[in-house]
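Enquirer: Here is my input; please provide its structure:
(chains A, B, C and D)
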2 protein chains.
Amino acid sequence: MKLGELEKLILGYLWQVESADVKQVHLHFEKTRGGSLNTIQSTLDRLYKKALLSRHKVGHAFQYQAKVERHELIGQLIKSVTNDFISEEDDNSLVTAFSSMTRECNQEQLLKLETLIEQQRLKLKQENR
Amino acid sequence: MKLGELEKLILGYLWQVESADVKQVHLHFEKTRGGSLNTIQSTLDRLYKKALLSRHKVGHAFQYQAKVERHELIGQLIKSVTNDFISEEDDNSLVTAFSSMTRECNQEQLLKLETLIEQQRLKLKQENR
DNA sequence: GTTAAAAACCGATTGTTAGTCGGTTTTTTA
DNA sequence: TAAAAAACCGACTAACAATCGGTTTTTAAC
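Expert: Model (predicted):
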């Protein structure tokens, strides 16, 4: 999966406002970056076709909303960018990649991370009982 | 940063063999995927210009070698794909992204991860003393 | 030193995907 | 039913990887 600049911006916007139509999105980006209504339109459409947005008619116009949570998408992106380098056999490679990331985390973030992973582990244990 | 298919393959190969010249790389991929020597050449060059490979003359021809460890590159890629979605203010976003990833890890991987993060935390503590 | 082979470099072409927007069709509504 | 709004279609640009032919530069052999 590959996302363009405007696609990311629009996605970010829709995570904020929950739901918006073309006009609304256009209005929002008009000031900050410009772009015609058609540009916004086709970008929304592209995101819709990528199944990153859902949409439904409200009155006359489509209302668009993010179909994936931000952290979901981030996870997906990480996975897709990572997949080509992670071999099935080498269980360590993913872990090593993580460690490469955590090098830039601060104390607080690391602690949160640890807690989260611990929770995940316990959940997994529960399921495999 | 964006990597093409052949670029990834060549990178992967160079992580295996440590060092190789154009001919050698070409020979390796000739069977599995084809591509002329020139194609390999320019791809190596592209990777070199991206600072992902280093090279030096040995005798007549350049020897290329990976300039980044695999896990380093993975970290870089994760960061680049992630950056646009992680805001400075929201300390949680990176953590949440991680958690989204760990959902697919198994027990053993999670344990390793936890250990690594713990180590990282201690190291950080040490430094900030 | 000249020349043939090897290696490196240059430039052109193709393919993919995002960004951009004009113009047409369809739908709504007044 | 006609004007306005919304959706859709198609074309063009831009960035970048892949591909390879052909030329220049370098090396090595006589």
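
Enquirer: List of residues touching whichever helix in chain A runs longest?
Expert: Ranked by residue count under DSSP state H, the longest helix found in chain A is helix A:107-127. For helix A:107-127, contacts defined as Cβ atoms under 8 Å, 6 or more residues apart in numbering or on different chains pick out A:102, A:105, B:91-92, B:94-95, B:98-99, B:102-103, B:105-107, B:110-111, B:113-114, B:117-118, B:120-121, B:124-125, B:128. (Glycine included, C-beta is placed from N, CA and C.)

Enquirer: what does stretch A:57-75 give?
Expert: A:11, A:14-15, A:18-23, A:25, A:44, A:47-48, A:51-56, A:76, B:82, B:85-86, B:93, B:96-97, B:99-101, B:103.

Enquirer: Just the buried ones from the residues you listed?
Expert: Restricting these to buried positions leaves A:11, A:14, A:20-22, A:25, A:44, A:47, A:52-53, A:55, A:76, B:82, B:85-86, B:93, B:96-97, B:99-101, with burial counted as 16 or more other Cβ atoms under 10 Å in any protein chain shown.

Enquirer: for chain A, where's the lowest mean pLDDT among helices and strands?
Expert: In chain A, the helix or strand scored least confidently by mean pLDDT, DSSP states H and E is helix A:92-102, which has a mean of 72.

Enquirer: Show me what it packs onto, helices and strands only.
Expert: Applying 3 or more Cβ pairs under 8 Å, 6 or more residues apart in numbering or on different chains; DSSP states H and E, one finds that helix A:92-102 contacts helix B:70-82, helix B:92-102, helix B:107-127.

Enquirer: touching DNA strand D at all, stretch A:56-69?
Expert: Yes. Looking at stretch A:56-69 against DNA strand D by Cβ under 7 Å from any atom of the strand, the contacts come from A:57, A:60, A:61, A:62.

Enquirer: for that stretch, which positions count as buried?
Expert: Using 16+ other Cβ under 10 Å as the test for burial, stretch A:56-69 gives A:62, A:63, A:64, A:66, A:67, A:68.

Enquirer: which of the residues you listed lies closest to DNA strand C?
Expert: residue A:62 (10.5 Å; Cβ to the nearest atom of the strand).

Enquirer: what bridges to the closest one?
Expert: Counting by DSSP bridges, residue A:62 is bridged to residue A:57.

Enquirer: Now do it, the pLDDT please.
Expert: We have a pLDDT of 96 for residue A:62.
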